[in-house]
Structures are given as C-alpha cells and as structure tokens.
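Return a 3D structure for these sequence lines:
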Amino acid sequence: MSVVLKGVFKDYPLGASIVRALHGIDLEIEKGEFTTIAGPSGCGKSTLLNLIGCMDVATTGTVSIEGKITNSLTDKEQTNLRLNTLGFIFQSFNLVPVLSVYQNVELPLLLKGGMTAGERSKRISELLDQVGLANKANNRSHELSGGQRQRVAIARALVTEPKIVLADEPTANLDSETGQNIIELMRTLNSKQKTTFIFSSHDPKVIEHARRIVRLQDGRVIEDVRK
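Next comes the predicted model:
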C-alpha cells in the first residue's frame, strides 16, 4: 500500500474549545491509484491531505506512507519523505515569481541533490515537453496563464519522480475547460508513470475523472467508490 490511515482523528484548538476535523478515518490507497477526496468546503479534505503529506500529524491514529508511520519519524525523516517520496500541487500554484519556468521545476532537484546539471536539464526538458511547456522554459510565472502555471506546478511536483502526488483543489483557480485539461493531463501522467495521485476537489466535473472517489462529510468517510 502507498498510503494507510488507521483510526485517524485530528483536533484543532479554537479558543477554549476543540474542533474535530477528522473522525476516525480508515483508508488504504494502493500504488498507482488515481483518487479524489471529495466533499464540501470544511469537510476535512485539506486536513486529510496535510496528514498524508507530512505537513501535520494526527491527534490519534496512524498515517503510514510507503510503510513508514509518519508520526514516529523525526523532523529530518519527515523532510526526507516529503522530498523523496511525495510531490505537491497547490491550488495557488506556489511558484517562485523571480525564477523562470525551468528554474521553478529545477528547484526540488537542487534541494534533493545527487544529479549533474546535464541530468537535471534532461529530466526538466522531458517534463516540460510532457506538460506542453517546452517553449516557455525561460518565461517567468507572471507571463503565463493560470493553466500554464498549474502545468509548471505539475512538472515541479513530478520532477523528483515521487511515488505519490498530492493535489489540493488543483483546479480551483482555473476555468472549467482548463481545469478539465489539467485533470486529463494528471490522468495521462498517472497512466504512463504509475504515480499515485490523490487530489481533493468539490467540483463535480473534476470528480467524474477520478478512478476512485472517497467522499467526506463532517470529517468522516461516507462513501468510497471505485470505477
């Protein structure tokens, strides 16, 4: 299994009270799945992705990524897991505006280390070609459309060849046609590279492209359907 959650609860303090964002989540996601976490705003989608992405820890229960229980890892081990196993795509793109498209995609490889400039160039060029941005390598993000910026974010997420890619509302800032194109691109990359994709969405047009739909409501799984 790529991802296993067992009995996961997540609480947040809110003043003098406690808000429970997740209520006993049990979930297993296999390698190569293309899964959407669906549900309305506030249902716990982002919280769930943050736990899988080692950006937060469960209050109780366990989250395992590639066989490693994340809340038992040191900060350094969690950082290494994020860098070597996980890729992230954010709805706000999170590109570095002063860097070119090429440099934005190269950044995770520089952080990871271990590759020559030539090896990095080959990998980045292949990915930019896959996402249809080979002719935009030297552009900066402000010169791109929203859809193009999201494609850069996808290339950056995939450049380290992660086993799992997490995408939090990846089409939220895009028009419906561009959003659909982005999801189709992710599906193509999923089919070719067998990368596990887990993304959150409340958009029915996006959700219909998933091969598995896990629906949340009030922090609980209310439906789990494979197509």
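
Report the buried residues of the helix or strand hosting Pro13.
For Pro13, the enclosing helix or strand under DSSP states H and E is strand 3-14. Using 16 or more other C-beta atoms under 10 Å as the burial criterion, the residues of strand 3-14 that qualify are Val3, Val4, Leu5, Val8, Lys10. No exception for glycine: its C-beta is placed from N, CA and C like everyone else's.

what's the helix or strand for Thr178?
helix 176-193.

Helix or strand next in line after that helix, which one?
strand 196-201.

Tell me which other helices or strands that next one touches.
When contacts are defined as 3 or more C-beta pairs under 8 Å, 6 or more residues apart in numbering; DSSP states H and E, strand 196-201 packs onto strand 34-38, helix 45-52, strand 164-168, helix 176-193.

I'd like to know the beta-bridge partner residues of Arg215.
Legend: beta-bridge partners of Arg215 under DSSP bridges are Ala38, Glu223.

and Leu5, bridged to which residues?
Leu27, Val63.

Give the full set of residues in contact with it.
Ile25, Asp26, Leu27, Glu28, Leu48, Leu51, Ile52, Ala58, Gly61, Thr62, Val63, Ser64 (C-beta atoms under 8 Å, 6 or more residues apart in numbering).

got a list of what the third one touches?
With contacts taken as C-beta under 8 Å, 6+ apart, Leu27 has the following neighbours: Val3, Val4, Leu5, Val8, Val214, Val221, Asp224.

pLDDT at it, what is it?
With respect to pLDDT, Leu27 scores 97.

tell me, how many neighbours does Glu106 end up with?
20 (other C-beta atoms under 10 Å).

Please report the distance of the most centrally placed residue in the chain from Pro13.
The centroid of the chain falls nearest to Leu166 when counting by C-alpha atoms, centre = their mean (1.5 Å). Leu166 sits 25 Å away from Pro13, going by C-beta to C-beta, to the nearest Å.

for Gln148, helix, strand, or coil?
Classification of Gln148 by DSSP: H, G, I helix; E, B strand; the rest coil places it in helix.

about what we covered before: tell me the one among the contacts of Leu27 nearest to Val159.
Val3 (21.1 Å; C-beta to C-beta).

rewinding a little: could you dump the helices and strands packed on strand 196-201 into CSV with mean pLDDT and distance to Ser17 added?
Formatted as CSV, the helices and strands packed on strand 196-201 follow (pLDDT from 0 to 100; distance: least, C-beta to C-beta, whole Å):
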stretch, mean pLDDT, distance to Ser17
strand 34-38, 95, 26
helix 45-52, 94, 17
strand 164-168, 93, 26
helix 176-193, 85, 36
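
Between the ones you listed, which one is closest to Ile89.
Judging the helices and strands packed on strand 196-201 by C-beta to C-beta, what sits closest to Ile89 is strand 164-168, at 3.9 Å.

What pairs with the closest one, parallel or antiparallel?
Strand 164-168 has these strand partners (DSSP bridges): strand 86-90 (parallel), strand 196-201 (parallel).
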